[in-house]
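Chemist: Give me a model of this one.
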Amino acid sequence: MLQPVPSTITPQPTPLCNFAYIPPEADWEKHIPQLPAVLNPNYDIADEVDLSRATLNNAQKEQLRDIIRYHTKAFVGLDEHLGHHKGPIRHRFDLVDNAVIPTRKIYRVPLEKRQEIERQIPEMLEQGIIRESTSPFCAPIVLVKKREANTWRFTIDFRGLNAITKPQQSILPNMQDIIDLCANQCLFFPRLSTRISPNSTRRRSL
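Modeler: Numbering: from 1, shown residues only. Just a heads-up that it's a prediction; the model follows:
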């Protein structure tokens, strides 16, 4: 630091980053169960659904519970295994014509983050979230610090892919029209687990 004047310079601490305020009603992370948890042999995932206010008779409620039990693997269980979508739909990336597949260099990773990456990758391989690939496509890993201490969110820098993906235009409905149509209607708002939700759907390989 250059000091062109004889007076003493005292550097002031300046925060390099800050956390945005999240109102309690928008804090969805607090609703995510702390996993893994002790697995009760009598655990029934259908008990997680509150049907006390549903306009169904007892036979219909039991039929719905049977459907939920049949698709148990679609939800995050107490063993922390991520649920998977088994339907026929796979997300497809439509690239622009003559696009060059991005092969970006990986970022340098500090030792602390490297250990976290080496811990999370085997877990995702075991749960079937990711698999080994020989695709020429490459995107660097970015670990994002969560609000909780000593926890990291595993993310991928897909800006290179976004740059060569054809934009998709969609017309959003008018929100007030939706509210008007829902007047005096019985609505269901399921609160499904959003843990690692982008990895719950299958994608076509590049």
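Chemist: Just the pLDDT for the closest residue to residue 65 other than its chain neighbours.
Modeler: Counting by C-beta to C-beta, 6 or more residues apart in numbering, residue 65 lies nearest to residue 46, which is 3.8 Å off, once chain neighbours are set aside. For glycine as for every other residue, the C-beta is placed from the backbone atoms N, C-alpha and C. Residue 46 is assigned a pLDDT of 86 by the prediction.
Chemist: my guess is residue 120 is in a helix, correct?
Modeler: Yes. Under DSSP: H, G, I helix; E, B strand; the rest coil, residue 120 falls within a helix.
Chemist: Could you check how far the residue nearest to residue 65 is from residue 64?
Modeler: Noted for residue 46: a distance of 8 Å to residue 64, by C-beta to C-beta, to the nearest Å.
Chemist: about what we covered before: for the residue nearest to residue 65, what are its contacts?
Modeler: 65-66, 68-69 (C-beta atoms under 8 Å, 6 or more residues apart in numbering).
Chemist: ok, of those residues, which one's closest to residue 93?
Modeler: Taking C-beta to C-beta as the measure, residue 93 sits nearest to residue 68 out of the contacts of residue 46, at 31.9 Å.
Chemist: does the closest one count as helix, strand or coil?
Modeler: Strictly by three-state DSSP, residue 68 counts as helix.
Chemist: Leaving out the residues flanking it, which one is nearest to it?
Modeler: residue 46 (4.7 Å).
Chemist: Reduced to three states, what does the one you found come out as?
Modeler: helix.
Chemist: Likewise for residue 169?
Modeler: Under three-state DSSP, residue 169 comes out as coil.
Chemist: and residue 116, what helix or strand is that in?
Modeler: Following DSSP states H and E, one finds residue 116 within helix 111-126.
Chemist: Can you give me the buried ones in that helix?
Modeler: 113, 116, 120 (16 or more other C-beta atoms under 10 Å).
Chemist: what's the closest of the residues you listed to residue 99?
Modeler: Nearest to residue 99 among the buried residues of helix 111-126, with distances taken as C-beta to C-beta, is residue 120, at 29.7 Å.
Chemist: From residue 181, how far off is that closest one?
Modeler: Look at residue 120 and residue 181: by C-beta to C-beta, they are 43 Å apart.
Chemist: now the helices for the protein?
Modeler: Counting by DSSP state H, the segments of the chain that form helices are 58-70, 111-126, 159-163, 175-181.
Chemist: Compare the ones you listed and give me the one nearest residue 105.
Modeler: With respect to residue 105, and counting by C-beta to C-beta, the nearest of those is helix 159-163 at 11.0 Å.
Chemist: Going by neighbour count, list what's buried in the closest one.
Modeler: 160-161.
Chemist: Next, the residues that contact that helix from outside, please.
Modeler: Residues contacting helix 159-163 (C-beta under 8 Å, 6+ apart): 93, 102, 104, 137, 139, 206.
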